[in-house]
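Participant: need a structure here:
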Amino acid sequence: MDAEKELDYVVVLRALKELPFNVGRKTLVSFLQGDLGNNSVARNNLDNVELFGTFKNRNEDEISNLIDNLLNNKMIDIVSVPDNKFAKVLELNYKGNKEILNPTLFSKKLAFNLEEVDTVISEKEKEFFKELDFFLGEYNDEQKKAITFDEKEILCIAGAGSGKTSVLTKRIEFLIKYRNVNPDKILAVTFTRKARQEMINRLSEFGLSESVKVETFNSFCEKILKEHGNLIYGREVSVINYSNKVKIIQLALEELGLSFSEAIRVYFGKNKLHSKTREELVSIFINDCFFIRDYFKSQGKVVGKEDFEAIDESYRKTADIVSKICIFIERFMEENGLRDFSDQIIDTINFFKLHKDLIPEFDHVLIDEYQDVNSSQIKLVEILKPENLFCVGDPRQAIYGWRGSEVQYILDFKKWHAGCKIISLKKNYRSTKRIVSLINDSIRDMGISDLESGIDLKSAELDTRLIRFDSIAGEFQFVAERILSANLPRGEIFVLARTNNQIRELSEVLKSRGIAYQVKSENSFNEDISKGVVTLATIHSIKGLEAEMVIVIGCSNGNFPIYGSEHPIIDMVKAYDYDKEEEEKRLFYVAMSRAKRYLYLTYSGKNYTYFIKESMLPNLGVSLKNKIIFESPVESNKKSEVDFSEGDKGVVMNLKSWRKGLSNELGIPAYQIMTNRTLLEISQTLPKNFSDLNKINGIGESKLERFGSEILRIVSENSF
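Facilitator: Residues are numbered from 1 along each chain as shown. All right, here's what the predicted structure looks like:
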């Protein structure tokens with residue numbers, strides 16, 4: 001690892017600190033390249049500043065990527081010039097100043113930490129595999145080794161589509177049938193109820209599901225707490241639900257003399273208020289408050305204002321509100337016998353420390369999705385002290401640092417478990433060669449070995465494209481057209497987005513085209529219209545699933561990576577120790593790696609995300625010579641001319657005026673608020689109530705909630 005190269009980002013931070021005034025991106029790039037052709041550089045004699053020309057051999061994209069990394073890791077900010085609010089410059093912030101004095105960001109990259117080893121298959125092992133061919137025949141040699149390897153501690157690094165869950169369950173079958181391990185002494189742990197059920201189903205095929213304990217971390221702890229509740233609590237204690245959480249936050253805000261609306265306005269600021277429904281904002285605010293309480297409790301600490309990195313007045317006010325709410329939450333839950341999932345694991349750990357004789361004994365513990373573990377889960381595994389530990393995970397797919405997961409545990413497995421053996425599964429049986437090549441290219445700078453495709457299909461059977469649109473409306477109409485024209489079961493089509501807001505807007509387009517869909521997201525926004533549907537999802541919520549066709553929308557800078565945070569408290573608390581930009585890149589990798597055969601990356605506007613590297617373009621139908629991006633002929637704003645003479649004139653005129661005003665206020669195109677066809681239908685049907693309005697194409701639940709009252713007022717006052 002070239003240490004000097006890793007610290008390039010510190011040079012950018014120092015440049016911003018040493019320049020006599022704040023500069024924009026182009027000027028900063030020119031300064032670092034030593035370009036006196038830039039008027040601002042020449043006019044202000046910036047060539048006299050020490051770092052001028054430090055990166056004279058670097059191209060603009062390389063330097064710009066360093067700037068993007070620092071923006072995404074909240075070390076620099078984009079701010080307006082005081083006397084010109086439309087001019088934007090870069091400003092070094094408190095966190096960036098700290099990084100100059102004590103650089104740590106470089107050490108959080110996977111390439112700096114990961115020590116990969118090639119999986120060697122000995123001749124003796126090959127002979128053993130032959131003897132068990134009737135049992136292992138369908139697996140490759142690396143998988144066979146992971147299933148049968150007789151070592152106390154094993155880490156299996158399993159890439160996307162490499163069959164990790166199948167290997168894990170087959171290893172359990174092998175241990176029972178060929179190592180005579182008592183199934184009651186085997187514990188398999190995963191992270192979600194869905195993954196747990198899938199593992200149980202696979203084991204049931206072997207007739208083993210009733211004997212082996214298959215749990216999530218939460219379900220394991222819940223059973224311990226129920227069994228020993230009197231010893232742990234000495235009274236009746238119940239698990240908190242979302243309804244309880246809403247009530248607690250309401251009571252906390254009442255004590256502070258604040259309404260939900262006031263708290264949300266302080267917490268999110270003006271920019272986020274219009275991008276989500278009130279329901280979504282409330283849900284995020286409530287969950288974030290409980291997360292902060294849980295985080296500090298897991299560290300054995302009580303929340304205090306000193307634990308927040310408050311760098312300006314608005315952040316200090318937010319920190320004050322959240323810290324007081326967290327203190328209230330702790331007090332209320334203790335007084336009312338309530339606990340949540342984080343309490344379960346902490347209380348279980350504390351119980352085991354006091355009652356070592358009651359710790360269940362397991363000969364084998366097997367953990368899936370090991371890249372997602374957090375410190376509390378690691379403590380629990382350490383207390384269990386299994387004689388044999390088998391962990392499966394993929395650092396390429398570590399995308400939950402924002403909620404406390406620590407990829408460092410999989411990267412440092414050898415440090416924690418001296419003498420352990422590492423097995424790598426590199427053959428992808430999900431995706432075509434073209435898609436595997438794309439995902440490899442997308443994260444090559446992370447220093448992880450390439451995956452190999454186990455699927456070989458003729459090029460005529462493949463389709464991977466990068467597609468540009470003039471507008472978001474055109475992009476969404478393409479999605480609808482591609483779904484309608486696909487000769488695939490609807491359940492084999494995923495549409496993936498970076499944010500819930502993108503999904504909500506697209507959902508209304510699909511509904512207007514009569515396309516049934518299912519929404520999956522990290523927050524409470526979930527909708528299922530019927531069976532046999534297209535899945536739309538945020539990328540975080542779809543990890544572990546796959547489909548024949550995947551369409552990733554919004555593949556532009558601003559979405560990949562996303563600079564803003566839906567969880568403002570994350571940027572204030574000293575809770576996360578990871579490179580946010582690199583995690584965003586891994587998120588893009590996860591999105592693309594869901595696709596089996598067809599992959600479409602779509603975006604609107606001028607530029608696609610810089611996560612799409614030049615080496616990826618040929619596999620996306622783009623010529624390196626001229627870089628002409630395929631542009632879809634499906635552009636609804638050009639094709640869908642609307643004759644407004646068919647509607648009520650007064651209503652049409654006032655709806656257009658209302659839409660234009662709202663468009664200017666929100667800073668978004670008018671069609672994103674409501675399409676011309678929707679306005680025409682409103683002016684034709686003249687809805688009298690919310691029920692009438694809900695029947696109109698293009699009016700989904702979110703728009704009904706946000707705009708319904710105003711639309712009905714306009715119709716009532718202007719129809720003849």
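Participant: please count neighbours and contacts with C-alpha atoms only from this point.
Facilitator: Noted.
Participant: quick one: low-confidence parts of the stretch 401-550 of the chain?
Facilitator: In the predicted model, the stretch 401-550 of the chain carries pLDDT under 70 at residues 457-462, 522-532.
Participant: can you give me the strands in it?
Facilitator: 421-425, 427-432, 452-455, 463-469, 493-497, 517-520, 527-528, 534-538, 547-552 (DSSP state E, counting those that start in this stretch).
Participant: which one of the ones you listed lies nearest to residue 367?
Facilitator: When the strands of the stretch 401-550 of the chain are compared by CA to CA, strand 421-425 sits nearest residue 367, at 14.4 Å.
Participant: give me the number of residues near residue 223?
Facilitator: Residue 223 has 14 neighbouring residues, counting by other CA atoms under 10 Å.
Participant: just the strands of the stretch 401-550 of the chain: most buried one?
Facilitator: Ranked by average neighbour count under the criterion mean count of other CA atoms under 10 Å, these are headed by strand 493-497 at a mean of 25.
Participant: does it pack against any helices or strands, and if so which?
Facilitator: Strand 493-497 sits against strand 534-538, strand 547-552, with contacts defined as 3 or more CA pairs under 8 Å, 6 or more residues apart in numbering; DSSP states H and E.
Participant: want to throw these into CSV with distance to residue 149?
Facilitator: Converted to CSV, the helices and strands packed on strand 493-497 look like this (distance: least, CA to CA, whole Å):
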stretch, distance to residue 149
strand 534-538, 37
strand 547-552, 32
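Participant: who wins for proximity to residue 199 among the ones you listed?
Facilitator: Using CA to CA, the helices and strands packed on strand 493-497 put strand 547-552 closest to residue 199, at 19.6 Å.
Participant: so what touches that closest one?
Facilitator: 479, 488, 491-497, 591-592, 594-602 (CA atoms under 8 Å, 6 or more residues apart in numbering).
Participant: just the buried ones from those residues?
Facilitator: Listed as buried from the contacts of strand 547-552 are 479, 491-497, 591-592, 594-602; burial here means 16 or more other CA atoms under 10 Å.
Participant: now, which of those residues lie within helices?
Facilitator: Those of those mapping onto helices are 479, 591-592, per DSSP state H.
Participant: which helix runs longest in the protein?
Facilitator: helix 313-335.
Participant: which other helices and strands does that one contact?
Facilitator: Judged by 3+ CA pairs under 8 Å, 6+ apart, helix 313-335 is in contact with helix 242-256, helix 260-273, helix 278-298.
Participant: pick out the shakiest of those helices, pLDDT-wise.
Facilitator: Lowest mean pLDDT of these: helix 260-273, a mean of 80.
Participant: by contact count, what packs against it?
Facilitator: Contact partners of helix 260-273 among helices and strands, from 3+ CA pairs under 8 Å, 6+ apart: helix 242-256, helix 278-298, helix 313-335.
Participant: most tightly surrounded among the helices and strands packed on helix 313-335?
Facilitator: With neighbours taken as mean count of other CA under 10 Å, those reach their highest mean count in helix 278-298, at a mean of 19.
Participant: is it fair to say residue 13 lies in a helix?
Facilitator: Yes. Under DSSP: H, G, I helix; E, B strand; the rest coil, residue 13 sits within a helix.
Participant: didn't it look like it was pressed against residue 101?
Facilitator: No. Counting by CA atoms under 8 Å, residue 101 is not a contact partner of residue 13; they are 10.5 Å apart.
Participant: compare these two (neighbour count), which wins?
Facilitator: Higher neighbour count among residue 13 and residue 101: residue 13, with 22 against 9, using other CA under 10 Å.
Participant: coming back round to it: want to throw the helices and strands packed on helix 260-273 into CSV with distance to residue 21?
Facilitator: Shown next, in CSV, are the helices and strands packed on helix 260-273 (distance: least, CA to CA, whole Å):
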stretch, distance to residue 21
helix 242-256, 41
helix 278-298, 36
helix 313-335, 23
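Participant: residue 127 is nearest to which of those?
Facilitator: Residue 127 lies closest to helix 278-298 among these, at 48.2 Å (CA to CA).
Participant: for the closest one, name the packing helices and strands.
Facilitator: Counting contacts by 3+ CA pairs under 8 Å, 6+ apart, helix 278-298 packs against helix 242-256, helix 260-273, helix 313-335, helix 341-354.
Participant: got the helices and strands packed on helix 313-335 as JSON lines, with distance to residue 533 columns?
Facilitator: Compiled in JSON lines, these are given as follows (distance: least, CA to CA, whole Å):
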{"stretch": "helix 242-256", "distance to residue 533": "28"}
{"stretch": "helix 260-273", "distance to residue 533": "31"}
{"stretch": "helix 278-298", "distance to residue 533": "24"}
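Participant: out of these, flag the one nearest residue 670.
Facilitator: With CA to CA, the closest approach to residue 670 among these belongs to helix 260-273: 17.8 Å.
Participant: tell me how far the closest one is from the chain's mean position?
Facilitator: Taking the mean of its C-alpha atoms, helix 260-273 sits 23 Å from the chain's own mean (CA atoms, centre = their mean, to the nearest Å).
Participant: next, the angle from it to helix 313-335.
Facilitator: Orientation of helix 260-273 against helix 313-335 (axes from the mean of the first three to the mean of the last three CA atoms, to 10 degrees) gives an angle of 130 degrees.
Participant: who's in contact with helix 260-273?
Facilitator: By CA under 8 Å, 6+ apart, helix 260-273 touches 250, 253, 281-282, 285, 314, 317-318, 321, 568.
Participant: relative to residue 520, which of the residues you listed is nearest.
Facilitator: Nearest member of those to residue 520, counting by CA to CA, is residue 281, at 17.3 Å.
Participant: skipping adjacent residues, who's closest to the closest one in space?
Facilitator: Nearest residue to residue 281 in three dimensions, chain neighbours excluded: residue 264, at 7.0 Å (CA to CA, 6 or more residues apart in numbering).
Participant: how near is the one you found to residue 228?
Facilitator: Counting by CA to CA, to the nearest Å, the gap from residue 264 to residue 228 is 40 Å.
Participant: output the below-cut-off pLDDT ranges for the stretch 1-150 of the chain.
Facilitator: By pLDDT under 70, the low-scoring segments of the stretch 1-150 of the chain are 1-6, 85-86.
Participant: circling back to that earlier point, who wins for proximity to residue 160 among the helices and strands packed on helix 313-335?
Facilitator: Checking the helices and strands packed on helix 313-335 against residue 160 by CA to CA gives helix 278-298 as the closest, at 29.1 Å.
Participant: tell me the angle the closest one makes with helix 313-335.
Facilitator: 70 degrees.
Participant: ok so, going back, tell me the one of the ones in helices among the buried ones among the contacts of strand 547-552 nearest residue 431?
Facilitator: residue 592 (9.6 Å).
Participant: that closest one and residue 471: what is the separation?
Facilitator: For residue 592, the distance to residue 471 - CA to CA - is 22 Å.
Participant: sec struct for residue 611, please.
Facilitator: What three-state DSSP gives for residue 611 is coil.
Participant: which residues touch it?
Facilitator: Residue 611 sits next to 442, 560, 585, 588 when contact means CA under 8 Å, 6+ apart.
Participant: quick one, which of those has the minimum pLDDT?
Facilitator: Within the contacts of residue 611, the minimum per-residue pLDDT falls on residue 560 (91).
Participant: surely that one meets residue 584?
Facilitator: Yes. Residue 560 is within contact range of residue 584, at 6.6 Å (criterion: CA under 8 Å).
Participant: tell me how far the most centrally placed residue in the chain lies from residue 70.
Facilitator: Centroid-nearest residue in the chain, with CA atoms, centre = their mean: residue 540, separated by 3.9 Å. Going from residue 540 to residue 70 by CA to CA gives 23 Å.
Participant: what do you get for residue 235?
Facilitator: 50 Å.
Participant: repeat that for residue 334.
Facilitator: Separation of residue 334 from residue 70 (CA to CA) stands at 41 Å.
Participant: between those two, which is the more surrounded one?
Facilitator: Comparing residue 334 with residue 70 by other CA under 10 Å, the one with more neighbours is residue 70, at 23 against 12.
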